[in-house]
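Colleague: Dropping the sequence and predicted coords here.
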Amino acid sequence: MTVNSRPGRPVILGQNQYGKAENRVVKITRDGATHHIKDLNVSVALSGDMEDVHYSGSNAHVLPTDTTKNTVFAFAKEHGIESAEQFGIHLARHFVTSQEPIQRARIRIEEYAWERIATSEANSQFIGADEVKHSFVRKGQETRLTQITYDGSSWEVVSGLKDLTVMNSTNSEFWGYVKDKYTTLQEAHDRILATSVSARWRFNWTDDEQKTPHWEKSYEQVKKHMLQAFAETYSLSLQQTMYQMGARIINHRSEIDEVRFSLPNKHHFLVDLEPFGLKNDNEVYFAADRPYGLIEATILRDGCEPRIPVDLTNL
Ligand SMILES: O=c1[nH]c(=O)c2[nH]c(=O)[nH]c2[nH]1
């Protein structure tokens, strides 16, 4: 390969920067049964004495973007994430002071806020207040949806929600699955379970004024049951948790006969910190956005016909 010298053409390199963008780092801090989450999207942009790599292809001043990514994950373990500001300051100082050619570091951080899912009153007396200290719902929350159809004689009301993002930082396992020659997935006995709930539920209302549901209350209650079932199910698969979420709605809300879910399994992979001499004790995760498992099902009151379309984007 020929390495070109700086061309003698009147072409000049202007502002330039590089680094790894959108490092999705999730840090779980375990304080006994109470877990705390920091969920960040960290983008690193470095600049400095980088003319050579552009003009001649010499990488002698280039700290790989891959290393900047590793640094983000390693720092989450080594220094913790007290705040996005503190974490960003730490990273920026590190890149500028540890690498002579790097003169400027810009760290951009988006932080996704989470709040705890409240325990159900019914269960709290049996399971103790600690039990859902590992269950979270992302702030900003969902979009509420409804579709009403009337053909002059019959009504159909299907309501729902999308983008309700939830996470359990423990009480989730996945093992005992089929293994063929393409299976590489390791069995998990303590994993993060996270999904962004898309759900639709069909009311059995037939224009009977006496039996008209209180629509606002119904929505709040359905959402509450969904969240509590998510938080309180010790999960052996997302499929099992999803069934519990639907079953709980059908069991508690007589106005609803059918629930359809579409649940992306938002994978969180433990980051291997061994190469940096650090032990990752279920603390630092990489939140992958794709590909994702997509788990879908209809949960019905016994004897009722399924009418919600299988593909929720067609609703
Ligand atoms: O809850 C899960 N269900 C699956 O079907 C599945 N498949 C997979 O790879 N991970 C998971 N997790």
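Modeller: Structure received.
Colleague: Residues of the stretch 151-300 of the chain that sit close to the ligand?
Modeller: By the rule C-beta under 6 Å from any ligand atom, the part of the stretch 151-300 of the chain lying against the ligand is 174, 185, 237-239, 265, 293. Quick note: C-beta positions are derived from backbone N, CA and C, even for glycine.
Colleague: So which of these belong to strands?
Modeller: 265, 293 (DSSP state E).
Colleague: farthest pair in the residues of the stretch 151-300 of the chain next to the ligand?
Modeller: Pairwise distances across those (C-beta to C-beta) peak at 15.3 Å, for the pair Leu185 and Gln239.
Colleague: Neighbour count for the two, which is higher?
Modeller: It is Gln239, of Leu185 and Gln239, that has more neighbours when counted by other C-beta atoms under 10 Å, with 17 against 10.
Colleague: Was I right to think the more buried one contacts Glu296?
Modeller: No - applying C-beta atoms under 8 Å as the test, Gln239 and Glu296 come out as separate, 9.5 Å apart.
Colleague: what's downstream of the helix or strand harbouring Thr68, the next helix or strand?
Modeller: Using DSSP states H and E, Thr68 sits in helix 65-78. Going down the chain from helix 65-78, the next helix or strand is helix 84-98, by DSSP H and E.
Colleague: now that following helix against helix 65-78, angle please.
Modeller: Comparing the axes of helix 84-98 and helix 65-78 via axes from the mean of the first three to the mean of the last three C-alpha atoms, to 10 degrees yields an angle of 130 degrees.
Colleague: and the residue of the stretch 51-200 of the chain nearest the ligand?
Modeller: For the stretch 51-200 of the chain, the residue closest to the ligand is Phe174, as judged by C-beta to the nearest ligand atom, at 4.5 Å.
Colleague: Tell me the spacing between that residue and Arg191.
Modeller: Using C-beta to C-beta, to the nearest Å, Phe174 is found at 6 Å from Arg191.
Colleague: The two: which is more packed in?
Modeller: Between Phe174 and Arg191, counted using other C-beta under 10 Å, Arg191 has the larger neighbour count: 23 against 20.
Colleague: Among the residues of the stretch 151-300 of the chain next to the ligand, which are located in helices?
Modeller: Members of these lying in helices (criterion: DSSP state H): 238-239.
Colleague: Grab the nearest non-local neighbour of Ala84.
Modeller: Once flanking residues are discounted, Ala84 sits nearest to Ile109: 4.3 Å by C-beta to C-beta, 6 or more residues apart in numbering.
Colleague: Pull out the buried positions in the helix or strand hosting that neighbour.
Modeller: Element membership for Ile109, per DSSP H and E: strand 102-112. Residues of strand 102-112 classed as buried by neighbour count (16 or more other C-beta atoms under 10 Å): 102, 105, 107, 109, 112.
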